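Novice: Dropping a prediction and its sequence here:
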Amino acid sequence: MGVNTETGGEATGFSQRLRSVSKRTRGALVALPPVAYLTLFFAIPILTILSFSVRVQQNLQMTNELTLDHYATVLTSETFRGALFYSVRVAVITTAIALVVGLPVSYYLALKADDRFRNMLLFLVIAPLWINFFVRSYAMIQLGSPQGFINGFLLSLGVIGEPLRWLVYSQPAVIFGLASLYLPLMVLPLYAMLRQLDEAWLEAAQDLGAGPLRVHREVTLSAALPGMILGGLFVFLLSLGNQAVPRILGGAKNTTYSESILLQLEGSVAWGTAAAASGVMMAFVVLVLVGVFYVFDMEELF
Amino acid sequence: MTTSSTRSEPATETASDVAVAVDGLRKEFGQLTAVDGVSFTIRDGEFFTLVGPSGCGKTTLLRMLAGLEDETDGSISIDGADMTAVPAEKRPTSMVFQDLALFPFKNVFENLTFGLKMQGESKSVRRERAEEMLDVLDLQGYADNEIEELSGGEQQRIALGRSLLTEPDLLLLDEPLSSLDVKLRKEMQLELRRIHDDLESTFFYVTHDQEVALTASDRIGVMNDGKLVQVGTPREVYEEPATPFVAEFIGDTNLFEGEIDEADGTTVETDSGLEIVAADRDDIPDSGRGFVSVRPERITVSESSVDADNSFEGTVADRIYQGDDITYEVTVGDVRLQAEQPAADGDDLLARGDTVGVGFDRESAYVITE
């Protein structure tokens, strides 16, 4: 009894002390660890890079002299502009493919799949993320090579007369590789949204005169929209920045934007130019995000 | 597609008087027969309520009318047209769902006018019609609100309005009031009836709540175990139940099983040992098994013996005070009778254990032979 009173008293004392701290101070205490983490590993590196982009480089040293030359170099460079267009085009097509493939998959998972198999099917959707990406890419090269399974199959059927050479080391190969890599990131948000779809909505829409296609346009797509935007952003931004897939599956003809930056760092050791190119990329991404959030009110979506 | 002008014209007394004809309708789900050969008609402009306990098949029947469920056998015709091959989106029906099924990603205006949009109406027409409907629903100025900003009762009215705006020949309601609290439910019952009368449309209402059925409907169908047991006006169904099930499901009753004896007027010797003099009717057989139903509010309880066709002495076993009236449970021999009395002065309430007289006239004893 006495012990109980003792501990009870202490607890009261502690919670009283906590209560005497103002609400604002308590909020700040809670926010401290994440803020510290983000500052250390996110803000500082980015600010460092941004500072590199406006400083003059002398040999392997960044001076404190300010300049906009790096940006001028990047913005007037045919190479960088071409690389940006190429990367954006690849990312847009990849996102579109992921969306077209991801919608029916997530619709099936969310609404049609048997409850007993749903978890297993979800596991299968996520599984590609667990298999080492390089292993998978080399397997894809095997599949698509002129002597590979796909060409062999099509040749034996007589669909094609000679092997398709664009199945590997090409833009379609890069897009296919990226789409299969990031498909789970499209499927999962779509699935989360469609799980909340009430089948009575579909029935109500039909009852009110919507044919089968119209029902899906008005109800399924509307319900999936936040997932489409979230998944679309994931796939687009990650495809845009990905540099490994194009390196393995892409041909020598096209260079992605990330690869161009890497060439500046590794080849030319032009830190300033690389940093400015990164700055341009960051500005582009922020622009895309602002645009998306402007068109779709995020508050309303989530 | 009906136009507002045809809707407001009075129905002419022809075959079009029948809005819906259901004939031999069956629905099987595997081994289970949900709807077992149901036939009835709904008249144009009628408020028809289908009541029955949960799982009796009433919702399945409603969904077949809407076209959301295919019938196993039988037929449905609406305004003389066979509906068998007509998909839900092409039927002249509209349904108010049990959980409303409002689209949460669309605002009030978009929800209300969804049907009109499907019919290809322009946005300006839709705006106009939505404003009119919000007037009818007493929700002026709500057009641009989100659904989640509305209260339960308001959402209810939007769901109703969304269906009404398609101007269905038949409005189907699937217990849409069940999620509301008692007070709001009563309000909405009357509101439904008012809207029905204003629009002169045909309502088919499905519920397990016999109170809604009695207060709002022109006619009631009672369903049990997949079969339609009785169809009639609320008064007919309450006063002249066709089966013991109807007697017990619609309102409360004292139900006795026994032997019918017509030798000296209608008398029923109950198995529990009472002799009850009942109302005479031509369709009661001279002898055989039967039931007799006596409504609690028809039974008088008094400190002295009751002067009535049926008069017994009993003991008060329980007293249930309900504010406006009191239900006494009185034991007569082995029988427990429920008697409902208006609560007059609280002073002369009978107490548990009091010896009392109970009685009722023969007109209050209704014989049921199945």
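Specialist: Right, received. Where do you want to start?
Novice: hey, let's count contacts and neighbours off CA atoms from now on
Specialist: Noted.
Novice: residues contacting B:Tyr321?
Specialist: B:Thr327 (C-alpha atoms under 8 Å, 6 or more residues apart in numbering or on different chains).
Novice: which residues pair with it across the strands?
Specialist: B:Ile326 (DSSP bridges).
Novice: Could you measure from it over to chain A?
Specialist: As judged by C-alpha to the nearest C-alpha, to the nearest Å, B:Tyr321 and chain A stand 42 Å apart.
Novice: same for the helix or strand encompassing B:Val222, what does it pack against?
Specialist: Element membership of B:Val222, judged by DSSP states H and E, is strand B:219-224. For strand B:219-224, the elements it packs on are strand B:47-51, strand B:227-232, helix B:234-239, judged by 3 or more C-alpha pairs under 8 Å, 6 or more residues apart in numbering or on different chains; DSSP states H and E.
Novice: List the strands paired with the first one, with their directions.
Specialist: Note on strand B:47-51: by DSSP bridges, its sheet partners are strand B:202-207 (parallel), strand B:219-224 (parallel).
Novice: can you list those strands in CSV and add mean neighbour count and mean pLDDT?
Specialist: Shown next, in CSV, are the strands paired with strand B:47-51 (neighbours: other C-alpha atoms under 10 Å in any protein chain shown; pLDDT from 0 to 100):
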stretch, mean neighbour count, mean pLDDT
strand B:202-207, 25, 94
strand B:219-224, 24, 96
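Novice: Kindly present those as JSON lines, with separate columns for distance to A:Leu262.
Specialist: Listed next are the strands paired with strand B:47-51 as JSON lines, based on distance: least, C-alpha to C-alpha, whole Å:
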{"stretch": "strand B:202-207", "distance to A:Leu262": "69"}
{"stretch": "strand B:219-224", "distance to A:Leu262": "76"}
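Novice: Which of these sits closest to B:Val294?
Specialist: Closest of the strands paired with strand B:47-51 to B:Val294 is strand B:219-224, at 19.3 Å (criterion: C-alpha to C-alpha).
Novice: Show me the contact partners of the strand holding B:Val222.
Specialist: With contact meaning C-alpha under 8 Å, 6+ apart, strand B:219-224 is reached by B:46-53, B:56-58, B:213-214, B:228-234, B:237, B:246.
Novice: The helices and strands packed on strand B:219-224 into JSON lines, with extra columns for mean neighbour count?
Specialist: Output for the helices and strands packed on strand B:219-224, formatted as JSON lines (neighbours: other C-alpha atoms under 10 Å in any protein chain shown):
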{"stretch": "strand B:47-51", "mean neighbour count": "27"}
{"stretch": "strand B:227-232", "mean neighbour count": "20"}
{"stretch": "helix B:234-239", "mean neighbour count": "18"}
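Novice: Next up, the contacts around B:Tyr64.
Specialist: In this structure residue B:64 is Met, not Tyr. Going by C-alpha under 8 Å, 6+ apart, the list of residues near B:Met64 reads B:70-71.
Novice: what number of residues lie near the residue of the stretch 151-300 of chain A at minimum distance from chain B?
Specialist: For the stretch 151-300 of chain A, the residue closest to chain B is A:Gly209, as judged by C-alpha to the nearest C-alpha, at 4.0 Å. A:Gly209 is flanked by 26 other residues according to other C-alpha atoms under 10 Å in any protein chain shown.
Novice: packing partners for the longest strand seen in chain A?
Specialist: When chain A is parsed with DSSP state E, its longest strand is strand A:61-66. Helices and strands touching strand A:61-66, by 3+ C-alpha pairs under 8 Å, 6+ apart, are strand A:55-58.
Novice: Give me the pLDDT value at whichever residue of the stretch 1-150 of chain B sits closest to chain A.
Specialist: Using C-alpha to the nearest C-alpha, the single residue of the stretch 1-150 of chain B nearest to chain A is B:Glu89, 4.0 Å away. On pLDDT, B:Glu89 comes in at 95.
Novice: Could you list which residues are in contact with it?
Specialist: A:206-211.
Novice: Neighbour-wise, give me the winner out of those residues.
Specialist: Ranked by neighbour count (other C-alpha under 10 Å), these have A:Leu208 at the top, with 30 neighbours.
Novice: In which helix or strand does the residue lying closest to it once chain neighbours are set aside reside?
Specialist: Counting by C-alpha to C-alpha, 6 or more residues apart in numbering or on different chains, A:Leu208 lies nearest to B:Gly115, which is 4.7 Å off, once chain neighbours are set aside. In this structure, B:Gly115 sits in helix B:114-118 according to DSSP H and E.
Novice: which residues are contacting that helix?
Specialist: Residues outside helix B:114-118 that contact it (C-alpha under 8 Å, 6+ apart) are A:205, A:208-210, B:123, B:126, B:162-163, B:165-166.
Novice: Make CSV out of those residues and add pLDDT and secondary structure.
Specialist: Converted to CSV, these look like this (pLDDT from 0 to 100; DSSP: H, G, I helix; E, B strand; the rest coil):
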residue, pLDDT, secondary structure
A:Ala205, 97, helix
A:Leu208, 96, coil
A:Gly209, 95, coil
A:Ala210, 95, coil
B:Lys123, 95, helix
B:Arg126, 96, helix
B:Arg162, 95, helix
B:Ser163, 95, helix
B:Leu165, 93, coil
B:Thr166, 92, coil
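Novice: contacts for stretch B:193-204?
Specialist: Under the criterion C-alpha under 8 Å, 6+ apart, residues B:7-8, B:19, B:43-50, B:136, B:168-173, B:216-217 lie in contact with stretch B:193-204.
Novice: Filter the residues you listed down to the buried ones, ChimeraX style.
Specialist: The buried subset of those, as determined by 16 or more other C-alpha atoms under 10 Å in any protein chain shown, is captured in ChimeraX by this line:
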select /B:7,19,43,44,45,46,47,48,49,50,168,169,170,171,172,173,216,217
